[in-house]
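J.: Below are the sequence and a predicted model; questions follow.
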Amino acid sequence: MSDLRSLLHPKSIAVIGASKTPGKIGNAVIENIKASGYTGEVYPINPKETEIAGYKAYPNIKDVGKPIDVAVFCVPAAASLAVAEDCGQAGVKHLIVITAGFKEIGPEGKKLEEDLVKIARKYGMRITGPNNLGVMDTHTPMNATFAKDFALKGNIAFISQSGALCVAILDWSFQRGLGFSQFISIGNKADLNEADFIEAVAEDPNTKVICLYLEDVVNGDRFIEACRKATPKVPVIVFKSGITAAGAKAASSHTGALAGSNTAYDAAFRHAGVIRAKTMTELFDLADAFTKQPVPRGKNVVVVTNSGGPGIVASDAVETLGLTMARFTEETLKELREKLPPTANIHNPVDVVGDAHADRYKIALDTTLKDPNVDAAVVLLSPTAVLDIEEAARITIEAAKAHPDKAVVAAFMGGAKVDAGVKLLQANGIPTYTFPEPAVATLRGMVEYGKLRSEVAASTEWTFDDVDKAGVKAIFDKVRADGRDLLLGPEAAQVAELYKIPAAPSKLATDADAAVAAAEAIGYPVVMKIASPDIMHKTDVGGVKVNLNTKEEVVEAFGAIMESCKKAEPNARIYGVEVQKMMPKGDELIIGMTKDPTFGPMIAFGSGGILVNLLQDASFRLAKGLSKSEVEQMITETKAYTLLKGFRGAPPDDIPALVEAIGRVAQLCRDFDEIAELDVNPVFAYPKGLSALDVKIKLK
Ligand code: COA
């Protein structure tokens, strides 16, 4: 773990290139450090000055002669290597390199960045940046950035790959009243990256939630490890840009980032216990809520409203976002019936109706929040002439205080009329929105965190020790020695068997007699397929014959397959014909693996057979760290699950066998990094057991 305490809470800071000239970055940084109330030692470094911003200046950092925790670089890129050498010799611990002109400008800058890292490594210094805005910690307090302002003191740690976004968010945060513990601009991530900062701020007692803006992740394994360690303590919320092909392109031209695929990020975030915000607004809505409200224990929501329409809007949002409208106990219903007028709706959404005074909000909230079936509340208000809005706000605040284990959010809808009430709610820790949907979306994010937190705590990698790794290695070696990267059908089936993945029995036959012997050993009926690493679509070239029941049929099929394949693909390497047991029809599924450059092998499960591409019904998980419950969950996410459970009177399929097969495929892919691609399609699922019909394995 990287210890970043001396970066976030330094005892001394040098600003290299500190300047007296307003408008220069070196001036902004030194003035910001001073204005932030930083109480440690400050050393401006400038060869021409003796004093800057009231601090004694030194011509070179080596002249300071005292320990220095952090050096902030405000000198041009061309000077950076010499300055880094000086810092190393002066015993500096951290470099915050604001300077641009590194990796983001191309090969020349990339080389400069690498050289900078080499110098840092030589002296054991850590680098934040280059090409960043700097670092703030409001509790230290320290503002070592060139932003216009210092963040409000609070409990959100914000880590951003874009410096420009940092300044924009900072400016906007004042309006929203958002308070930050740290504001960290990570720039090009030449040395320290998101994982280091997640680890560091998760340990910080002032941080209650970690928010990230990311364009890419440097090291998938490290990122997951850092997030899984942080999640049990604090929520980690990420807004990841570069989702679409166009977005990814923009990302790579921005900070030189190479974006991974969206699916891999979804799978990785989920495994890491990270909440993925879909918009920047959602990122900070959630961050704000996490610092103010408790994580709900469950997903049962009560909606309290004084008008029908918004109540329906909120209820729709609850259902569409996967939350549940709470069902009250008889006791709650009785109390509501007694205390509210007959015109009110006592069922969820609780409508205190348009003529309500604030006291009806009190009845509705006090009664429903104490119901054990309620985990969270959304308070909606439309500004009628008869309602004292500030009083309704005070009641909401009191009700939330009286139930500290239940999350309360509000949407006081309107403009100037509701303004004072909204301000009161915000100042008293009730997250407030203009309309119902974002209020519900925030609750959903909080509920999701609760779920992810327990999933992360409970999940351990599912491994099998009854697999034959050496046997598989021998097959792979043989395939490579033969100059191939694609396994023949019988080889792949054998690999599956060695990992106890049930595959249809299969043998390679090089002549008709051998084919008959194979068929008789396996048992009729059989299927015969051309065995060639060069023929991908076997059916198209007459390379497949099914339902062969006799010796004569097998002999004839062998001749026909060979003849038609040789004619259609004269240059293909043909190893013979694969004789496979013809399996009874089952529900067709696919289990597969594709590799992501950042997060490694990803396991896919879904509807299989020839409709794979058409149905696009698949769910993904990372192979690394895959737990049994994650496998069970990935099955339930697909449409195929409906079939597996027993569709229209059909008996259910053997789901436990399927779960195990997926777990074993994941282990095979973890054990053998040389597997580049793997497809088991189709897998036939039966009420008892399953059978992998076609196993395709391609090596790197
Ligand atoms: N040691 C100490 N001081 C040095 C120095 C050295 N080796 N070399 C230069 N200086 C001094 C200069 O004399 C100058 O001080 P002055 O104002 O008193 O004359 C100061 O350092 C800055 O040098 P200067 O050459 O004037 O550079 P600059 O201020 O025009 O630009 C950067 C420096 C870092 C701002 C610029 O190179 C840069 O990278 N800008 C982009 C930053 C950015 O966008 N980052 C990403 C944000 S998200």
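T.: Happy to help now that I have it.
J.: Closest approach to the ligand from the stretch 351-500 of the chain, which residue is it?
T.: Nearest residue of the stretch 351-500 of the chain to the ligand: residue 445, at 28.2 Å (CB to the nearest ligand atom). Bear in mind the C-beta positions are built from the backbone N, C-alpha and C, glycine included.
J.: Quick check on that residue: phi, psi?
T.: Dihedral pair for residue 445: phi -60, psi -40, per degrees, to the nearest 10.
J.: and what of residue 295?
T.: Torsion angles, degrees, to the nearest 10, at residue 295: phi -70, psi 120.
J.: okay, it: pLDDT?
T.: Listed pLDDT for residue 295 reads 97.
J.: For it, list the residues it contacts.
T.: With contact set as CB atoms under 8 Å, 6 or more residues apart in numbering, residue 295 has these partners: 235, 407, 446-447, 449-450, 453.
J.: Next: residue 217.
T.: If you count contacts by CB under 8 Å, 6+ apart, then residue 217 has 193-195, 223, 260, 265, 268, 598-599 around it.
J.: rerun at 6 Å
T.: Contacts here follow CB atoms under 6 Å, 6 or more residues apart in numbering; on that basis residue 217 touches 223, 598.
J.: And whichever residue of the stretch 501-650 of the chain sits closest to the ligand, how far from residue 609?
T.: Closest residue of the stretch 501-650 of the chain to the ligand, CB to the nearest ligand atom: residue 598 (23.3 Å). For residue 598, the distance to residue 609 equals 31 Å [CB to CB, to the nearest Å].
J.: now residue 532
T.: 22 Å.
J.: Please apply the same query to residue 64.
T.: 71 Å.
J.: number of nearby residues for the nearest residue to residue 73 once chain neighbours are set aside?
T.: Sequence neighbours aside, residue 97 is the residue nearest to residue 73 in space, at 4.4 Å (criterion: CB to CB, 6 or more residues apart in numbering). Using other CB atoms under 10 Å, residue 97 has 30 other residues around it.
J.: of residue 532 and residue 609, who's got more company?
T.: The neighbour comparison of residue 532 against residue 609 (other CB under 10 Å) goes to residue 532, with 22 against 17.
J.: show me what contacts that one?
T.: Contact analysis of residue 532 by CB under 6 Å, 6+ apart lists 572-574.
J.: now it: how far from residue 541?
T.: Residue 532 is 9 Å from residue 541, by CB to CB.
J.: again with residue 463
T.: Going from residue 463 to residue 541 by CB to CB gives 41 Å.
J.: Neighbour count for the two, which is higher?
T.: residue 541 (19 against 13).
J.: what pLDDT does the more buried one get?
T.: 93.
J.: Just say helix, strand or coil for the residue of the stretch 501-650 of the chain closest to the ligand.
T.: Here residue 598 is recorded as coil under DSSP: H, G, I helix; E, B strand; the rest coil.
J.: And the pLDDT at it?
T.: Per-residue confidence (pLDDT) for residue 598: 89.
J.: Surely it touches residue 218?
T.: No: judged on CB atoms under 6 Å, residue 598 makes no contact with residue 218 at a distance of 8.4 Å.
J.: tell me which strands and helices the helix or strand hosting residue 450 is in contact with?
T.: Per DSSP states H and E, residue 450 falls inside helix 436-458. Applying 3 or more CB pairs under 6 Å, 6 or more residues apart in numbering; DSSP states H and E, one finds that helix 436-458 contacts strand 275-276, helix 280-292, helix 308-320, strand 376-381, strand 407-412.
J.: Nearest the geometric middle of this structure, what residue?
T.: residue 269 (1.9 Å; CA atoms, centre = their mean).
J.: any idea how far it lies from the ligand?
T.: Per CB to the nearest ligand atom, to the nearest Å, residue 269 is found 25 Å from the ligand.
J.: Spatially, what comes nearest to that residue if we skip its sequence neighbours?
T.: Spatial nearest neighbour of residue 269, chain neighbours left out: residue 276 (4.9 Å); criterion: CB to CB, 6+ apart.
J.: what's the pLDDT at the one you found?
T.: Listed pLDDT for residue 276 reads 95.
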